[in-house]
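>>> Quick check, what structure comes out for this input:
(2 chains)
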Amino acid sequence: MIEVVNLNKSFGDLHVLKDINITIHKGEKVVVIGPSGSGKSTFLRCLNCMEDPTSGSILFHGVDLTDMKVDINLHRQKMGMVFQHFNLFNNKTVLENITLAPEYIAKKQMRKLKLRRKSYGAEIKSAKQIKEETKANAMELLERVGLSDKAEAYPSQLSGGQKQRVAIVRSLAMQPEVMLFDEPTSALDPEMVGEVLEVMKDLAKSGMTMVVVTHEMGFAREVADRVLFMDDGRILEEGTPDAIFNHPQNDRLKEFLSKVL
Amino acid sequence: MRAAKRIWIMDNFGQRVEKFISLFQGNSADAYISDILTGLQNTVKIAVLGLIIGIIIGTLIAAVRVMPKYKRLPRVLNAICGVYVGFFRGTPMVVQLLLFYYVALPLLDINASSVAVAITVFGMNSGAYISEIMRGGIMSVDPGQMEGGRSVGLSFGTTMMKIVIPQAVKNIIPTLGNEFITLVKETSVVSFVGATDLYVAFRKIGTSTYEFMVPYLVMALIYIVLVLLITALIKLVERRLRKSDRGR
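Now for the predicted structure:
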């Protein structure tokens, strides 16, 4: 589904990612671990071009996302992203946070259809219909993460764990094909880590394709199909959780595991 | 001697005030009053419409200036905006007014009232200043807000309009209030192109009675009252916009 070819990224003179090649298949759960500054977050952010790669290409369903002519917004709708610092829209309520993008994009599509005067069999919906549908969908998702009572609250009134769950729902509302998690629990109080990981585990069980950058080794062991160990801008070792955690080959990985486990 | 002089001055001042008040009881009272009202109306009109045009222009320019500049179009737009802001901040408002009224209008063969010209120039001028205020406001919003919007597939423009600018505006209301007050006071330069504002109305009273002291004092009072009203208004707007903040 996602194919990364010879990905390089530099920030000025700092060469952060060095010739990364990897393929992520549909339904696969890939967990990326590694020390701080190893380039794991940058790698993840390159996958949906949140950072523009310096060279190389990211193929998503065969389309090169690094190509300037490609409408990146269209493809990002299919790639959800969850950030370390949540990045919820502070000026919107929880419900508005979730419905804003799906509603806006659906309305835009309807306008386009009407403009062409040919719907090609597609159903024309009114703005009100779209609004109701996205709202119902959002409430259902909120219910799933146990936050339906917070629909009218503003992000500033939520705890960190609640914010992160809302952020996950916001991405899910776009019905993405893959979810990217950038250290989703690193900014949370220890007590709140569990509730967010629980939501992520549920998501994994539902068959979502996931790429997760995390320091939660327990989560990696339990959920991952494949674990990547990154250091110094390279993928030094990859394999099943069992191979990585119980039979590490690379010296740098052994040293890393001895410190974190 | 000194005391006598002081008494004379006070007496004299009292007479001048009486004379000023009597202006509004005499035959030409209506003319004076309508002059002042026209002046007041024009001052408010130029300042308010100028501010609205300024906010629109300023927001557009600020959005262009913070655009990512990988492609060619944003770079070209950015250069144009740079020249625009450079011109309007680099020349005095009076010069811009004169250029517009005596150079641009005849060249383009447009007939426009001096008040319309004043509104346009005030709008364009404040647009240049507000663009920098707005840019500061946009940069004060956490970059994560933009990333959050982009991550769900919204375009740069949509995220800017729906997420970043509403938050930026909240942060810059006090500075925007400053700009509004400056505009109100700066309307006194429109007399250069023959528009009647508060200053022109009171100058007229002065020249027809050979007595400037009291008219100009009253004029200053009216300006102060105007500014106090605006200050109250800004506070009201600010409180309304703080809705989504912590601990309301």
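
>>> so how far is residue A:217 from the nearest residue to residue A:226 once chain neighbours are set aside?
Leaving aside its chain neighbours, residue A:226 sits nearest to residue A:30 (5.1 Å; criterion: C-beta to C-beta, 6 or more residues apart in numbering or on different chains). Glycine gets a C-beta too; all of them are placed from N, C-alpha and C. Noted for residue A:30: a distance of 15 Å to residue A:217, by C-beta to C-beta, to the nearest Å.

>>> before we move on, what about residue A:196?
According to C-beta to C-beta, residue A:196 stands 16 Å off from residue A:217.

>>> Settle it for me: which of these two has more neighbours?
More neighbours surround residue A:196 than the other of residue A:196 and residue A:217, with 25 against 17 (other C-beta atoms under 10 Å in any protein chain shown).

>>> that's a helix at the more buried one, yeah?
Yes: the assignment for residue A:196 by DSSP: H, G, I helix; E, B strand; the rest coil puts it in a helix.

>>> residue contacts, it?
Residue A:196 makes contact with A:161, A:164-165, A:168, A:184-185, A:188, according to C-beta atoms under 8 Å, 6 or more residues apart in numbering or on different chains.

>>> Return the distance of it relative to residue A:59.
In terms of C-beta to C-beta, residue A:196 sits 30 Å off from residue A:59.

>>> Can you pull the residues of chain B lying near chain A?
B:70-71, B:142, B:144-145, B:147-155, B:158, B:162-163, B:166-167, B:170, B:244-246 (C-beta under 8 Å from any C-beta of the partner chain).

>>> So in terms of bridging, what pairs with the residue nearest the centre of chain A?
Geometric centre of chain A, nearest residue: residue A:180, 1.9 Å, by C-alpha atoms, centre = their mean. Following DSSP bridges, residue A:180 is listed with bridge partners residue A:81, residue A:211.

>>> and the next element down the chain from the worst-scoring helix or strand of chain A on mean pLDDT?
The helix or strand of chain A with the poorest confidence is helix A:94-116; it has a mean of 89 (mean pLDDT, DSSP states H and E). Next in sequence after helix A:94-116, counting helices and strands by DSSP states H and E, comes helix A:127-144.

>>> In chain B, where is pLDDT below threshold?
The model of chain B has pLDDT under 70 over residues B:1, B:243-248.

>>> those helices in it, which residues are they?
Using DSSP state H, the helices of chain B run over B:2-23, B:29-66, B:72-90, B:93-99, B:105-108, B:114-140, B:143-151, B:156-159, B:165-186, B:198-209, B:213-241.

>>> out of these, nearest to residue A:205?
helix B:143-151 (23.5 Å; C-beta to C-beta).

>>> what's the angle between that closest one and helix A:94-116?
Orientation check (axes from the mean of the first three to the mean of the last three C-alpha atoms, to 10 degrees): helix B:143-151 against helix A:94-116 gives 40 degrees.

>>> what residues are up against residue 25?
I'll assume chain A. Residue A:25 sits next to A:1, A:209 when contact means C-beta under 8 Å, 6+ apart.

>>> Beta-bridge partners for residue A:58, please?
residue A:4.

>>> Now do the contacts for it.
Neighbours of residue A:58 in contact, by C-beta under 8 Å, 6+ apart: A:2-5, A:7, A:46-47, A:49, A:64-66.

>>> quick one: which of the residues you listed is nearest to chain B?
The closest of the contacts of residue A:58 to chain B turns out to be residue A:49 (C-beta to the nearest C-beta; 9.2 Å).

>>> From what I see, that closest one and residue A:65 are in contact.
Yes: using C-beta atoms under 8 Å, residue A:49 makes contact with residue A:65 at a distance of 5.2 Å.

>>> excluding its backbone neighbours, what's nearest the most centrally placed residue in chain B?
When C-alpha atoms, centre = their mean is applied to chain B, the residue found nearest the centroid is residue B:183 (2.3 Å). Excluding its sequence neighbours, the residue lying closest to residue B:183 (C-beta to C-beta, 6+ apart) is residue B:47, at 4.4 Å.

>>> can you tell me how far that neighbour sits from chain A?
Relative to chain A, residue B:47 is positioned 28 Å away (C-beta to the nearest C-beta, to the nearest Å).

>>> and that residue, what does it touch?
Contacts of residue B:47 by C-beta under 8 Å, 6+ apart are B:122, B:180, B:183-184, B:187.

>>> what about 10 Å?
Applying C-beta atoms under 10 Å, 6 or more residues apart in numbering or on different chains, we find residue B:47 in contact with B:118-119, B:122, B:126, B:180-187, B:197, B:226, B:230.

>>> in chain A, which segments are predicted with low confidence?
Looking along chain A with the criterion set at pLDDT under 70, you get A:117-123.

>>> ok but residue A:9 is inside a strand, no?
Yes: Residue A:9: assigned to a strand according to three-state DSSP.

>>> From residue A:175, how far off is residue B:97?
56 Å.

>>> The two: which is more packed in?
The residue with more neighbours, out of residue B:97 and residue A:175, is residue B:97; 23 against 11, by other C-beta under 10 Å.

>>> was I right about residue A:255 contacting residue A:34?
No: applying C-beta atoms under 10 Å, one finds residue A:255 not in contact with residue A:34, separated by 11.7 Å.

>>> any idea where the strands of chain A begin and end?
Along chain A, counting by DSSP state E, strands occupy A:2-11, A:14-24, A:29-33, A:55-60, A:63-64, A:79-82, A:178-182, A:209-213, A:226-231, A:234-239.

>>> could you say what helices and strands the longest one packs with?
In terms of contact count using 3 or more C-beta pairs under 10 Å, 6 or more residues apart in numbering or on different chains; DSSP states H and E, strand A:14-24 is assigned the packing partners strand A:2-11, strand A:29-33, helix A:40-47, strand A:55-60, strand A:209-213, strand A:226-231, strand A:234-239.

>>> Go through the first one and flag the buried ones.
Spelled out, that is strand A:2-11. Neighbour-count burial for strand A:2-11 flags A:2-5, A:7-9 (criterion: 16 or more other C-beta atoms under 10 Å in any protein chain shown).

>>> what's the answer for stretch A:98-117, then?
Residues A:98-107, A:110, A:113 are the ones in stretch A:98-117 that count as buried (16+ other C-beta under 10 Å).

>>> Would you check which pair of those lies furthest apart?
A:98 and A:113 (24.0 Å).

>>> For residue A:222, which non-adjacent residue is spatially closest?
Nearest non-adjacent residue to residue A:222, counting by C-beta to C-beta, 6+ apart: residue A:201, 7.2 Å away.

>>> For the one you found, grab the count of nearby residues.
14.

>>> ok, now how distant is it from chain B?
Distance, residue A:201 to chain B, using C-beta to the nearest C-beta: 22 Å.

>>> Neighbours of residue B:118, how many?
Using other C-beta under 10 Å, residue B:118 has 31 other residues around it.
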